[in-house]
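In: What follows is a predicted structure for the sequence shown.
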Amino acid sequence: QVQLVESGGGLVQAGGSLRLSCAASGRTFTTYRMGWFRQAPGKEREFVARINWRGSSTYYADSVKGRFTISRDNAKNTVSLQMNSLKPEDTAVYYCNADLPGTDYNNWGQGTQVTVSS
């Protein structure tokens with residue numbers, strides 16, 4: 001089991017940048033595929049970005065492609081989401097996620113609020 005704690009959310013103007021971080025506890029961080037999801041008010045949680053255990057493969061939602069970058073530091077047990085050119089529609093609670101492909105394992109952080117003003 002890995003515990004996930006997000007940080008780095010806040011209020012930013014449209015066009016600005018934020019960097020979210022997710023700290024994972026446990027000694028098996030490299031076992032997990034890591035991802036970021038978000039949930040806006042009144043909407044379902046949606047996929048944002050994902051990175052494999054080695055950090056060699058990334059995947060993004062079309063809505064953030066070219067603006068967001070996911071990365072991980074396995075030595076520090078962290079995964080980050082660099083968000084540039086933010087838009088008001090990026091406003092949401094952002095959640096860090098850990099899963100194990102091919103299993104039912106799926107774990108979430110508590111979320112961090114990102115608000116983009118126009």
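Out: Perfect, thanks for sending it. Numbering: from 1, shown residues only.

In: Touching the helix or strand of the chain with the lowest mean pLDDT from outside, list them.
Out: None of the helices or strands of the chain scores lower by mean pLDDT, DSSP states H and E than strand 106-108, at a mean of 94. Counting contacts by C-beta atoms under 8 Å, 6 or more residues apart in numbering, the residues outside strand 106-108 that touch it are Gln1, Val2, Leu4, Tyr95, Cys96, Asn97, Ala98, Asp99. Every C-beta, even on glycine, is put in place using the N, C-alpha and C of the backbone.

In: helix/strand/coil for Thr30?
Out: Taking DSSP: H, G, I helix; E, B strand; the rest coil as the rule, one finds Thr30 in the helix state.

In: Run a quick neighbour tally on Thr31.
Out: For Thr31, the number of neighbouring residues by other C-beta atoms under 10 Å comes to 12.

In: Next up, identify which helix or strand the residue positioned nearest the centre of the chain is on.
Out: Centrality entry for the chain: nearest residue to the mean C-alpha point is Trp36, 2.6 Å, by C-alpha atoms, centre = their mean. Using DSSP states H and E, Trp36 falls within strand 33-39.

In: got it, and Ala23?
Out: Using DSSP H and E, Ala23 sits in strand 18-24.

In: can you give me how far that strand is from the chain middle?
Out: The chain centroid and the centroid of strand 18-24 are separated by 7 Å under C-alpha atoms, centre = their mean, to the nearest Å.

In: and if you look at stretch 51-61?
Out: Put simply, stretch 51-61 sits 11 Å off its chain's centre (C-alpha atoms, centre = their mean).

In: returning to that earlier point: now the strand holding Trp36: how far from the chain's centre is it?
Out: Mean-position distance between strand 33-39 and its chain equals 4 Å (C-alpha atoms, centre = their mean).

In: Which stretches in this protein count as strands?
Out: For the chain, the strands defined by DSSP state E cover 4-7, 10-13, 18-24, 33-39, 46-51, 58-60, 68-73, 78-83, 92-99, 106-108, 112-117.
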